[in-house]
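In: The following comprises the amino acid sequence and a computationally predicted model.
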Amino acid sequence: MPDQLPEHPDWLWRTPDPKPSYDVVVVGAGGHGLATAYYLARNHGISNVAVLERGWLAGGNMARNTTIIRSNYLCEESAAIYEHALKLWEGLPEELEYDFLFSQRGVLNLAHTLQDVREGTRRVGANRLGGVDAEWLDPDEVRAFCPIVNTSPDVRYPVLGATLQPRAGIAKHDHVAWALARKADEHGVDLIQNCEVTGFVRDGGGRVVGVETTRGRIGAGRVALAAAGHTSTLTDLLGLRLPIQSHPLQALVSELLEPVHPTVVMSNHVHVYVSQAHKGELVMGAGIDSYNGYGQRGSFHQIEHQMAAALELFPIFARAHVLRTWGGIVDVTPDASPIIGLTPVENLYLNCGWGTGGFKATPASGWVYADTIAHGRPHQLAAPFALERFATGALIDEHGAAAVAH
Amino acid sequence: MLLIACPWCGERDETEYHYGGQAHVAHPADPHALSDAEWGAYLFVRDNPKGEFAERWMHAAGCRRWFNVVRHTVTHDISAVYPAGQPRPVPPSDEHSEVTA
Ligand SMILES: Cc1cc2nc3c(=O)[nH]c(=O)nc-3n(C[C@H](O)[C@H](O)[C@H](O)COP(=O)(O)OP(=O)(O)OC[C@H]3O[C@@H](n4cnc5c(N)ncnc54)[C@H](O)[C@@H]3O)c2cc1C
Ligand SMILES: [Zn+2]
């Protein structure tokens, strides 16, 4: 009986109709679009902002990722932006008045070969110089930190050591999106779902002055793309070709289990990473499917492969079951680093290419992007990530830190 | 998992193949004549369509030959398989048959 059903809980944000125009139109209500809108209002007083979303809020990669947050990247430019994010994460639950279960339980990146050991110790050194917490653990210390990892010397790829970032961890991704959405909405930002951007409105000088959408034309002082895996489909409409390829990236969870796994463990070499969510499910993933794809699903052999790798590292999981697998569409760049900044098209801003690892960056991505949009020039932390690097050759190669580990 | 028909060996599982990205990307005839931006575009920029995509595959666990496939990037439907070096087949469409008729 409808009258016996409980009341719907309070909505966290309004459902407004689009206004004829906004100072800034953000395309995509994933984490990055929402954080951008929030910081436009909070840091820059720009609240005449709409976030347009073709589906539902956080229906893209934002609520499909495996929620790993860390800042132990190799290059200075990356460590700087990811560490800015980590510092923001540390204050965000209080600032957004929302407990989204941010848990700094540490991340281990295992080394199984001499090359892994060299890469890991080099990265620990680089991180320390850059002010990022990092330690090198030997196999005994790995076992002490995470007793369920198989550190026996007689496996195919014995654990030779690991990097540890103690301040790294996980958070509950959908709640992060809702927390940002609620605060953005409180600042007056219009969050408009079921509104797909299908074209751009340009004036005589070629400037973008609005967007065409499934809910009509919407004028915009500036248009800020935050469409992740779908970015190329939008820039193609403007004849702007980007160094991005969209690939499926899959993940899976087990049934709910007793807490057994105290941290996050990643292995580039054995090719899997595993954490345990607060509710108890084991969360695991690995690399992208090789081919381009927009279907939000990948091939099953990827799942088989990562489960085999997980069992190699964690024999204790032999009786766990796969409950659910899924995929997102990730926007991969040639150097595994994002693209942030201005574009050759006036009034059009770009934030994409976060590929397999943009969840951890959510607050910093929004922070630097909002600043870039508000001032019409790149934020200092964003400048190295401009599109121009693919012409100058100043790539920021993070394949070692970002290929399997997200 | 995709089922791909190698032009020489026939239908085999995706796991036998290696992916090579966009097909028909020609090496610039005179690289020295290009600007940095043009050279960068050749190195780093590839089409990324949501829809039909002409792409390269190599039969790594079989004959080890490269060939081209036209695959839909949402449905994975494969509409053409043809040897490397051949032009992309023009799909039969009403518009096209008018032109060639
Ligand atoms: C399986 C998986 C695991 C991952 N694991 C991690 C991890 O552990 N740690 C980590 O840091 N990162 C991880 N990532 C990467 C991370 O999820 C992404 O980099 C990040 O979410 C991208 O930013 P976003 O949240 O804004 O993207 P999305 O949530 O994808 O937001 C983009 C939005 O744009 C919308 N959109 C697209 N086109 C249009 C249009 N034309 N009009 C209107 N709206 C449009 C989409 O519907 C979507 O909602 C993972 C990703 C996947 C798929
Ligand atoms: Zn063959």
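Out: Structure's in. What do you need? Ligands and ions are numbered 1, 2, ... in the order given.
In: quick check: mean pLDDT across stretch B:23-32?
Out: Averaging pLDDT along stretch B:23-32 gives 96.
In: Residue numbers of the stretch 51-200 of chain A in contact with ligand 1?
Out: Neighbours of ligand 1 within the stretch 51-200 of chain A, by C-beta under 6 Å from any ligand atom: A:52-55, A:58-62, A:64-68, A:196-197. For the C-beta atoms, the positions are set from N, CA and C on the backbone; glycine is no exception.
In: residues contacting the closest residue to residue A:296 other than its chain neighbours?
Out: Leaving aside its sequence neighbours, residue A:296 sits nearest to residue A:327 (C-beta to C-beta, 6 or more residues apart in numbering or on different chains; 5.1 Å). Counting by C-beta atoms under 8 Å, 6 or more residues apart in numbering or on different chains, residue A:327 makes contact with A:64, A:248-251, A:289, A:295-298.
In: Just the buried ones from these, in PyMOL syntax?
Out: To isolate the buried ones among the contacts of residue A:327 in PyMOL, judged by 16 or more other C-beta atoms under 10 Å in any protein chain shown, type:
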select buried, chain A and resi 64+248+249+250+251+289+296+297+298
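In: Tell me what residue B:56 is bridged to.
Out: Going by DSSP bridges, residue B:56 is paired in beta bridges with residue B:68.
In: buried set for the helix ranked longest in chain B?
Out: Longest among the helix segments of chain B by residue count, using DSSP state H, is helix B:36-44. For helix B:36-44, a neighbour-count test (16+ other C-beta under 10 Å) marks B:39-41, B:44 as buried.
In: circling back to that earlier point, can you tell me if the one helix or strand the residue nearest to residue A:296 maps to touches ligand 1.
Out: Counting by DSSP states H and E, the element that carries residue A:327 is strand A:322-332. Yes - under the criterion of C-beta under 6 Å from any ligand atom, ligand 1 is reached by strand A:322-332 at A:328, A:330.
In: what pairs with the helix or strand following that strand, and is each one parallel or antiparallel?
Out: Following strand A:322-332 in sequence order, the next helix or strand is strand A:339-342 (DSSP H and E). Next to strand A:339-342 in the sheet, as set by DSSP bridges, lie strand A:348-352 (antiparallel).
In: relative to strand A:348-352, how tilted is the following helix or strand past the strand it pairs with?
Out: Next along the chain after strand A:348-352, taking DSSP H and E as the criterion, comes helix A:362-375. Between helix A:362-375 and strand A:348-352, the angle comes out at 170 degrees (axes from the mean of the first three to the mean of the last three C-alpha atoms, to 10 degrees).
In: Just give me the neighbour total for residue 67.
Out: No chain in the question, so chain A it is. Residues lying near residue A:67 (other C-beta atoms under 10 Å in any protein chain shown) number 24.
In: nope, chain B please
Out: Residues near residue B:67, counting by other C-beta under 10 Å, number 23.
In: That one contacts residue B:85, doesn't it?
Out: No - taking contacts as C-beta atoms under 8 Å, residue B:67 lies outside contact range of residue B:85: 9.4 Å.
In: picking up where we left off before, show residues contacting the longest helix of chain B.
Out: If you take C-beta under 8 Å, 6+ apart as the criterion, helix B:36-44 is touched by A:241, A:243, A:334, A:390-393, B:25, B:27-28, B:31, B:34.
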